[in-house]
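Visitor: Dropping a prediction and its sequence here:
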Amino acid sequence: MLPLVLVGMTVAASPAFASCLQMTVAEAGALADVVVYGTVTETRQTFAPASGVIRFQPVRFLKGTLPGEVEVYLGPSRGGAITSVDYTAVMRGEAHTLYLRSAGDGAWETNACTGSHAGAPTPDENAFFGTGTSAPPAAPTNNMPFVLGAVAVAVIAVATVLVARRRYSGPSTLTTTSP
């Protein structure tokens, strides 16, 4: 009896994709604001059980466009509690084809039911969307904090040397004479 209960609990506890309706590429594409192929550049790890958030760099747009690298919530709770339809994209450098909807404030959302998947667009997606358009190259990273830090370290080093020289320069070579 116990094995049957355990099997029943396993089946009942794993409906991750059972709650998703099977959609064609055309149906999934119609529901998405943007369909894009690209790579995960950053993952946000949290200690609390929450759905994931990634940074995503587009490589090729199949539908719509994005302003560059964007933040993508991997579940309908937008970083809140984990749901049965959260999408899995947790490795930096992984390639994915994402079906995105706007989450407001420049962020985007996908989940396991939208049509998003690991890897390049499928032949069905290429047939429906065509080859798409290439995304512009990624903007260079902002190195200004590092430059300011290096300048501050250099100023501190020069000031330390000047103070040390003045303090330890020895007796003055100037002599005074009295009349």
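Guide: Good, I have the coordinates. Residues are numbered from 1 along each chain as shown.
Visitor: Spatially, and excluding backbone neighbours, which residue is closest to residue 83.
Guide: Spatial nearest neighbour of residue 83, chain neighbours left out: residue 75 (5.0 Å); criterion: C-beta to C-beta, 6 or more residues apart in numbering. Any C-beta I mention is one placed from the backbone N, CA and C, and that applies to glycine too.
Visitor: quick one: low-confidence ranges for this structure?
Guide: Scanning the chain for pLDDT under 70 picks out the ranges 1-19, 45-51, 77-81, 90, 138-143, 168-179.
Visitor: for it, longest helix please?
Guide: Ranked by residue count, the top helix of the chain under DSSP state H comes out as helix 144-167.
Visitor: Run through the bridge partners of the residue positioned nearest the centre of the chain.
Guide: To find the centre residue of the chain, average its C-alpha atoms and take the closest one (C-alpha atoms, centre = their mean): that gives residue 55, at 1.3 Å. Under the criterion DSSP bridges, residue 55 forms beta bridges with residue 42, residue 71.
Visitor: circling back to that earlier point, number of nearby residues for the residue nearest to residue 83?
Guide: Other residues within reach of residue 75, judged by other C-beta atoms under 10 Å, total 23.
Visitor: Next: residue 156.
Guide: 10.
Visitor: can you give me the helices for the protein?
Guide: Along the chain, counting by DSSP H, helices occupy 2-13, 25-31, 123-129, 144-167.
Visitor: Looking at those helices, spot the one closest to residue 111.
Guide: helix 25-31 (11.3 Å; C-beta to C-beta).
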